[in-house]
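Enquirer: here is a sequence with its predicted model. Questions after.
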Amino acid sequence: MNLRFTKMQGAGNDFVVIDATRTPLALSEAQLRRLGDRRFGVGCDQILVIEASPAEGVDFRYRIFNNSGEEVEHCGNGARCFVRYVVDKGLSDKRTIRVQTMNKMLELRLRDDGRVTVDMGAPFFEHAALPFDGSDLQPRAEGGFELWPLALAGGARCEVAVLSMGNPHAVQRVADVDTVPVLDWGPQIEAHRCFPRKVNAGFMQIISRKEVRLRVFERSAGETLACGTGACAAVVAGIRLGWLDEAVEVHARGGDLRIEWAGLSQGLDAPVLMTGPATTVFDGEISL
Ligand SMILES: N[C@@H](CCC[C@H](N)C(=O)O)C(=O)O
């Protein structure tokens with residue numbers, strides 16, 4: 001099979017985007033892995049498959065696969081690239097688009113400066129939503145939230161806030177994102193026994209109440225240059241813990257995102273807004 005695709009990136013988190021709006025497409029795990037492989041395929045962090053509207057009042061459905069071939073619930077940077085794609089390819093002439101993901105309805109707006117703002121919906125704090133089982137851990141309260149102690153190999157310990165943006169996140173505060181052992185701790189947290197379906201591990205350095213630096217070791221994809229849902233989760237956790245204001249600039253290694261959440265003034269079910277770049281790199285075709 002010959003497959004046309006578009007390579008895109010949002011703050012350095014990169015994607016292979018496929019238009020399946022006219023012809024339904026079912027890719028095998030092996031084909032997805034090949035698309036994601038930087039040596040034997042195209043190479044990307046996630047594969048995004050865009051499908052026709054599933055219901056009245058919804059413009060598209062979009063599905064997300066990690067480069068391991070595993071389908072996941074949500075991808076923030078991918079959502080921005082999705083909207084850039086459907087507008088640039090003439091699949092929609094709207095500036096505000098509604099899209100159904102596996103477990104959320106998102107509203108996305110293409111801005112005049114070329115960036116995209118995504119209403120990411122409300123965060124989820126119920127442990128069953130991740131899922132997270134901390135029944136044998138003793139959490140520490142800070143601000144209006146909890147930090148959970150995780151034991152890591154070699155006697156190392158970290159304290160994480162846990163929440164879901166539709167997909168699961170464990171976020172910890174670190175003194176310096178350049179020196180924290182992300183590639184050692186990331187895989188250990190990702191596969192920690194408390195997260196039966198694994199977790200995305202975020203490492204946040206707070207510069208001020210309005211500015212953070214962030215690295216994320218993504219579930220089933222490894223460390224990426226940016227993670228949109230990871231940025232939302234880190235800022236929401238930071239706000240609940242009393243460390244951050246309601247609008248924060250997030251500096252990832254691949255670019256900057258602005259995250260806004262009015263959860264303390266408007267209620268915990270307030271939506272998280274994410275604004276950032278979305279860029280096409282090239283179009284291509286691959287034989288699978
Ligand atoms: N890069 C993403 C998140 C992709 C999914 C994640 N690896 C997971 O397994 O939950 C983003 O920008 O949010």
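Expert: Happy to help now that I have it.

Enquirer: for Thr21, give its distance to the ligand.
Expert: 22 Å (C-beta to the nearest ligand atom, to the nearest Å). (Glycine included, C-beta is placed from N, CA and C.)

Enquirer: and the closest residue to that residue other than its chain neighbours, how many neighbours?
Expert: Residue nearest to Thr21 in three dimensions, not counting chain neighbours: Ala52, with 4.7 Å by C-beta to C-beta, 6 or more residues apart in numbering. Using other C-beta atoms under 10 Å, Ala52 is surrounded by 14 other residues.

Enquirer: hey, what's Ala52 bridged with?
Expert: Phe60 (DSSP bridges).

Enquirer: quick one: contacts for it?
Expert: If you count contacts by C-beta atoms under 8 Å, 6 or more residues apart in numbering, Ala52 has them with Thr21, Arg22, Phe60, Arg61.

Enquirer: what about Pro181, how many residues nearby?
Expert: Neighbours of Pro181 (other C-beta under 10 Å): 12.

Enquirer: so what's it scoring on pLDDT?
Expert: Note on Pro181: pLDDT of 98.

Enquirer: likewise Pro54?
Expert: Reported pLDDT for Pro54: 88.

Enquirer: and Asn77, by the same measure?
Expert: 98.

Enquirer: does it sit in a helix, a strand or a coil?
Expert: helix (DSSP: H, G, I helix; E, B strand; the rest coil).

Enquirer: you'd agree it is up against Thr279?
Expert: No. Judged on C-beta atoms under 8 Å, Asn77 makes no contact with Thr279 at a distance of 10.7 Å.

Enquirer: these two: which is more packed in?
Expert: Shown here are Asn77 and Thr279; by other C-beta under 10 Å, Asn77 has more neighbours (36 against 16).

Enquirer: what sits against the more buried one?
Expert: Asn77 makes contact with Gln9, Gly10, Ala11, Asn13, Phe15, Ala226, Cys227, Gly228, Gly276, Ala278 under the criterion C-beta under 8 Å, 6+ apart.

Enquirer: helix or strand: which one has the fifth one?
Expert: Taking DSSP states H and E as the definition, Phe15 sits inside strand 13-20.

Enquirer: try Ile47
Expert: strand 46-52.

Enquirer: how about the helices in the stretch 51-200 of the chain?
Expert: Secondary structure of the stretch 51-200 of the chain, counting by DSSP state H, counting those that start in this stretch: helices at 76-88, 182-190.

Enquirer: look up how far the ligand lies from Cys75.
Expert: 4 Å.

Enquirer: with Asn103 as the reference, measure out to that residue.
Expert: Relative to Asn103, Cys75 is positioned 12 Å away (C-beta to C-beta, to the nearest Å).

Enquirer: next one: phi and psi at the spatially most central residue of the chain?
Expert: The chain has Thr229 as the residue nearest its centroid, 3.1 Å off, counting by C-alpha atoms, centre = their mean. The phi and psi values for Thr229, taken as degrees, to the nearest 10, are phi -70, psi -30.

Enquirer: again, but for the one 3 residues further on
Expert: Backbone torsions of Cys232, given as degrees, to the nearest 10, read phi -60, psi -50.

Enquirer: okay, buried residues for stretch 211-228 please.
Expert: The neighbour-count check on stretch 211-228 (16 or more other C-beta atoms under 10 Å) flags 212-228 as buried.

Enquirer: no further questions, thank you.
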